[in-house]
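In: my questions are about this predicted structure, shown below with the sequence.
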Amino acid sequence: MKLTLTVIKADVGSIGGHLAPSVKLLERVRRAIEEGGKGFIRDRYIAHTGDDIAIVLTHELGVESERVHRLCWEAFQEGTKVAQAQGLYAAGQDLLKDAFSGNLRGLGPAVAEIAFDERPNEPFLVFAADKTEPGAYNLPLYLAFADPMYSSGLMLSPAVGKGFTFTVMDVEHTHASRVIDLVTPEEMYDLAALLRDNARFVVEKISSRADGEQAVACSTTRLSHIAGKYVGKDDPVMLVRTQKNFPATGEVLAPFKVCHLVAGFMRGSHTGPLMPVKVGTSVSFFDGPPMVSCLAFSVHDGILTEPVDAFDHPYWDAIREKAARKADDLREQGFSGAAMLPYSELEYGGIKERMDVLEGRFHIRH
Ligand code: F6R
Ligand code: MG
Ligand code: MG
């Protein structure tokens, strides 16, 4: 029987604006998973990053299991009731539809899942980002799985050096999943040509060319495409299996030292550095900065160890300072140029109304 790792995340309300969920809300979600998952969930872990709650589950029901997705949907609905009762901000924000219908696709919560035969030693990472979008993982994944400047295993390990198959999704194509498979190292430049555009092309999964095993699954939801308007940024989650035929944990973490500039930050409409943070970090400066956390687990027979917080290490303190400096550099220039997203990516519709009014006031000088 294959083991399935599922991570499902949603923002169903937070304290003091879009900062962090309350303890009561987290507890309610935890209890709902505990009680509702009896008999089919092997193990679970629930944590938050910024205003998003991530539910990590192990089970044997495969990806897109109706039972597993419904469990999470109902847990988030229970959580929403607590959020409402406590007056939390944006209660139920990411539950975009009224009714559950088979699986969570198109309903709002972000989903990443992998089903596989458990290795004797099975280390994996759960990444959760807030105040940014799914394409935020493009560059770190490219560097960890295709660039020997960051990932020494590509040179040093024959199995890792066989390369990887990247499945990339065109998230602008909303009525069906439009995907392409590219293999590295042969098609690295084609891959780069797609992955430079974080708003449109998003890594959905990565598999080893040594044994065909899947290493990575990312959520690709774009909330505005579901709701037709701004309802919050897409705050992606990602699962990465590491070691042996895959890059080592440290190689997967290494590219996050870049703190590359991503879309998100205040009102999902700005550019900011992706800051690697400890799990449970809340949102602050300018509703950001965009952040990513990482929990490292081992799993055996579907039972999880306690996690290690991968960015809770003195090394990353220096990197966080760098991210703060990069954020400051951009914030100094306010709305100007590269600090804000292009018109097509602005998440609030208000600017369109403003532009429409101004449009009518333009005149051609003769
Ligand atoms: C960005 C985000 C926040 C909000 C901002 C305004 O993803 O969640 O920056 O956009 O706090 O929120 P509203 O419009 O809910 O008052
Ligand atoms: Mg929110
Ligand atoms: Mg969020």
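Out: Okay, I see it. Residues are numbered from 1 along each chain as shown. Ligands and ions are numbered 1, 2, ... in the order given.
In: how near is Y142 to L223?
Out: For Y142, the distance to L223 (Cβ to Cβ, to the nearest Å) stands at 24 Å. Where C-beta positions appear, they are placed from N, C-alpha and C, glycine not excepted.
In: hmm, I was thinking of S298
Out: Counting by Cβ to Cβ - S298 and L223 are separated by 33 Å.
In: what residues are up against the residue of the stretch 151-300 of the chain at minimum distance from ligand 1?
Out: Nearest to ligand 1 in the stretch 151-300 of the chain, going by Cβ to the nearest ligand atom, is D287, at a distance of 3.3 Å. Contacts here follow Cβ atoms under 8 Å, 6 or more residues apart in numbering; on that basis D287 touches G17, H18, K131, F265, M266, R267.
In: what about the fourth one, how many residues nearby?
Out: Read that as F265. Neighbour count of F265, defined by other Cβ atoms under 10 Å: 28.
In: where along the stretch 1-150 of the chain do the helices fall?
Out: Shown for the stretch 1-150 of the chain, the helices assigned by DSSP state H, counting those that start in this stretch span residues 23-36, 66-85, 138-146.
In: how about the ones you listed, which one is nearest A339?
Out: helix 138-146 (19.2 Å; Cβ to Cβ).
In: against which helices or strands is the helix or strand immediately after the closest one in the chain packed?
Out: As assigned by DSSP states H and E, the chain's next helix or strand after helix 138-146 is helix 153-156. Taking 3 or more Cβ pairs under 8 Å, 6 or more residues apart in numbering; DSSP states H and E as contact, there are no helices or strands that helix 153-156 lies on.
In: which parts of helix 153-156 are buried?
Out: Going by neighbour count (16 or more other Cβ atoms under 10 Å), the buried part of helix 153-156 is G153, L154.
In: following it, which helix or strand comes up?
Out: Downstream of helix 153-156, the next assigned helix or strand under DSSP H and E is strand 164-170.
In: and that next one, what's its mean pLDDT?
Out: Averaging pLDDT along strand 164-170 gives 97.
In: list the buried residues in that strand.
Out: F164, T165, F166, T167, V168, M169, D170.
In: kindly report the same for stretch 112-129.
Out: Using 16+ other Cβ under 10 Å as the test for burial, stretch 112-129 gives A112, E113, I114, A115, E122, P123, F124, L125, V126, F127, A128, A129.
In: related to what we said a few turns ago, so for ligand 2, which of the helices of the stretch 1-150 of the chain sits nearest?
Out: Between ligand 2 and the helices of the stretch 1-150 of the chain, the tightest spacing by Cβ to the ion is seen for helix 66-85, at 10.5 Å.
In: neighbouring contacts of the closest one?
Out: Residues outside helix 66-85 that contact it (Cβ under 8 Å, 6+ apart) are 4, 6, 8, 10, 12-14, 21-22, 24-26, 28-29, 31-33, 36-37, 40-41, 53, 55, 57, 59, 61, 88, 91-92, 94-95, 100, 102-104, 107, 109, 111.
In: quick one, what contacts the residue lying closest to V308 once chain neighbours are set aside?
Out: Spatial nearest neighbour of V308, chain neighbours left out: A296 (4.5 Å); criterion: Cβ to Cβ, 6 or more residues apart in numbering. Going by Cβ under 8 Å, 6+ apart, A296 touches P123, F124, L125, T249, P307, V308, D309, A310.
In: so which residues on this protein come close to ligand 2?
Out: With Cβ under 5 Å from the ion as the criterion, the chain meets ligand 2 at residues D11, H18, D51, A90.
In: quick check: buried residues in the least confident helix or strand in the chain by mean pLDDT?
Out: Within the chain, confidence by mean pLDDT, DSSP states H and E is lowest for helix 223-227 among all helices and strands, at a mean of 70. Judged by neighbour count (16+ other Cβ under 10 Å), helix 223-227 contains these buried residues: L223, S224, I226.
In: so which of those comes closest to ligand 3?
Out: The closest of the buried residues of helix 223-227, once distances to ligand 3 are taken by Cβ to the ion, is L223, at 9.9 Å.
In: so the closest residue to L125 other than its chain neighbours: helix, strand or coil?
Out: Distances taken as Cβ to Cβ, 6+ apart place V240 nearest to L125, at 4.5 Å, with adjacent residues excluded. Following DSSP: H, G, I helix; E, B strand; the rest coil, the label given to V240 is strand.
In: so who does V240 touch?
Out: Contacts for V240 were tallied using Cβ under 8 Å, 6+ apart; they are F124, L125, F127, A215, V216, F246, V252.
In: got the contact list for I351?
Out: With Cβ under 8 Å, 6+ apart, I351 has these contacts: Y343.
In: from ligand 3, how far off is it?
Out: From I351 over to ligand 3 the distance is 21 Å, taken as Cβ to the ion, to the nearest Å.
In: any idea which element that residue lies in?
Out: Under the criterion of DSSP H and E, I351 resides in helix 350-361.
In: starting at the chain centroid, how far to that helix?
Out: Remark: helix 350-361 is offset 33 Å from the chain centroid, using Cα atoms, centre = their mean, to the nearest Å.
In: that one near ligand 1 anywhere?
Out: No. Using Cβ under 6 Å from any ligand atom, helix 350-361 never reaches ligand 1; the gap is at least 9.7 Å.
In: thanks a lot, catch you later.
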